[in-house]
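**Student:** coords please:
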Amino acid sequence: IPLTVAFAVLGTVGVWFNGGASVFFVFAAANAGTFTPRSRARRWLVGLTGVLVVLILLSPLPLLYRLASFAFPLAFVWIVGHQVIDAVERERDAARLRVDNARVERLTTLSERERIARDLHDLLGHTLTGIVVRAQLIERLADADPARAAREASDIEQLARDALAEVRATVSGWRHHALDAEVDAARDALAAAGVTMVVEQDTAASLSPAVEAALALAVREAVTNIVRHAGATTCTIGIVASAGQVRLTVADDGVGTARPDGSGLTGMRERITALGGNIDRHTDRGTTLTVTVPAQQVGP
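**Tutor:** Residues are numbered from 1 along each chain as shown. Next comes the predicted model:
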């Protein structure tokens, strides 16, 4: 603003000695357009035009010379002023866009890190629990049933290889979880821990990949918690679809606990909530986890 005022003063004083000094008003308009918001810059243009009109009326120069001297600045105050205003607005918009893009990129990176952290927790927690349970079983069977112990050792090797492949796929974002395959894996893990699994499935719904993956991971997390903490003898998994929704129930007859959600359940809630679903957990006479989610993914 001080520079704009200085140019306007130079032009006002100079035109009394040289009509060409009115060009300073064009510099004042360019400066106002550069350093002030659009609405205020336009007021500056109006004000500069008003001063020029007054100077035309008061100038002692002959009329034709006055018109020739002031016609150029009268026109170019607006032409140059608006060009500068538009250019500055474009630069400001570009700067805002760069900031927004950087923010989106940062949020995308954080979201991807959270996805990888949740998936690795779900994957490794389940897999390592299964390996520990099977290793304990091998220890008990080593003398009594060497053949079965060898089979269990082979299963541990395959479990570790599958886990390695899934870790690589998780980091790359390629992993797809099939619900039926996860239920079969849950049966094996529970059997190794001495827990009988019952499946009650009544669904012909077509599940979107995101929904199926979320339900599969919910089964994995629930079964991992049963094997680790429940001390159960029976686990019932129910999958029912109706009215465009799928309800997954995982119930055990173990020792229920009302302790707060761990990172696994917290990640599960975030994943299901993002799909438009919800989770209920009851710990009366064991633990019952109920997941309700639309059969098709909500949103993009």
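
**Student:** what about D155, how many residues nearby?
**Tutor:** Neighbour count for D155, taken as other CB atoms under 10 Å: 17. All C-beta spots, glycine's among them, are computed from the backbone N, C-alpha and C.

**Student:** what's the distance between it and L217?
**Tutor:** 22 Å (CB to CB, to the nearest Å).

**Student:** how about the helix or strand that contains V183: buried residues?
**Tutor:** If you go by DSSP states H and E, V183 is part of helix 179-192. Of the residues in helix 179-192, L179, E182, V183, A185, A186, R187, A189, L190, A192 count as buried by neighbour count, 16 or more other CB atoms under 10 Å.

**Student:** please apply the same query to stretch 250-263.
**Tutor:** V250, A251, D252, D253, G254, G256.

**Student:** okay, how far is it across it, tip to tip?
**Tutor:** End-to-end distance for stretch 250-263, by CA to CA, to the nearest Å: 18 Å.

**Student:** roughly how far does the closest residue to R187 other than its chain neighbours sit from A189?
**Tutor:** Distances taken as CB to CB, 6 or more residues apart in numbering put M197 closest to R187, at 4.9 Å, once the chain neighbours are dropped. Separation of M197 from A189 (CB to CB): 9 Å.

**Student:** list the residues that contact L179.
**Tutor:** L179 makes contact with L207, E212, L215, A216, V219, I239, according to CB atoms under 8 Å, 6 or more residues apart in numbering.

**Student:** mind checking how far the residue nearest to the first one when sequence neighbours are not counted is from D253?
**Tutor:** Using CB to CB, 6+ apart and skipping residues adjacent in sequence, the residue nearest L207 is A295, 5.5 Å away. For A295, the distance to D253 equals 29 Å [CB to CB].

**Student:** the residue nearest to L207 and S208 touch, don't they?
**Tutor:** Yes. In terms of CB atoms under 8 Å, A295 counts as a neighbour of S208; the distance is 7.3 Å.

**Student:** looking at the two now, which is surrounded by more residues?
**Tutor:** Applying other CB under 10 Å to A295 and S208 shows that A295 carries more neighbours, namely 18 against 15.

**Student:** show the pLDDT at that one.
**Tutor:** pLDDT, A295: 80.

**Student:** what mean pLDDT would you report for stretch 21-30?
**Tutor:** 78.

**Student:** list the contacts of it.
**Tutor:** Residues from elsewhere that reach stretch 21-30 (CB under 8 Å, 6+ apart): 4-5, 7-8, 10-11, 13-15, 44-45, 48, 51-52, 55, 69-70, 72-73, 76-78, 80-81, 84.

**Student:** can you give the distance of it from its chain's centre?
**Tutor:** 49 Å (CA atoms, centre = their mean, to the nearest Å).

**Student:** over to stretch 147-158?
**Tutor:** Its chain's C-alpha centre and that of stretch 147-158 lie 42 Å apart, by CA atoms, centre = their mean.

**Student:** can you map out the helices along this structure?
**Tutor:** Shown for the chain, the helices assigned by DSSP state H span residues 2-14, 24-35, 38-58, 63-144, 146-172, 179-192, 209-225, 263-274.

**Student:** these: which one's closest to R281?
**Tutor:** Evaluated with CB to CB, those place helix 263-274 nearest to R281, the distance being 7.4 Å.

**Student:** elements contacting that closest one?
**Tutor:** Applying 3 or more CB pairs under 8 Å, 6 or more residues apart in numbering; DSSP states H and E, one finds that helix 263-274 contacts helix 63-144, helix 209-225, strand 278-282, strand 288-294.

**Student:** closest to E166 out of those?
**Tutor:** Among the helices and strands packed on helix 263-274, helix 63-144 comes nearest to E166, with 5.4 Å by CB to CB.

**Student:** report the mean confidence score over the closest one.
**Tutor:** Helix 63-144 comes out at a mean pLDDT of 74.

**Student:** quick one: A241 and D202 touch, right?
**Tutor:** Yes. Using CB under 8 Å, A241 is in contact with D202, at 7.4 Å.

**Student:** more neighbours: which of these two?
**Tutor:** Higher neighbour count among A241 and D202: A241, with 17 against 9, using other CB under 10 Å.

**Student:** which pLDDT value goes with the more buried one?
**Tutor:** For A241, the model assigns a pLDDT of 84.

**Student:** V53 versus the residue of the chain positioned farthest from its centre, what's the distance?
**Tutor:** Within the chain, the residue lying farthest from the chain centre (CA atoms, centre = their mean) is P62, at 69.6 Å. Going from P62 to V53 by CB to CB gives 18 Å.

**Student:** straight-line length of stretch 281-289, end to end?
**Tutor:** Start and end residues of stretch 281-289 are separated by 5 Å (CA to CA).

**Student:** pLDDT on it, on average?
**Tutor:** Regarding stretch 281-289, the rounded mean pLDDT is 84.
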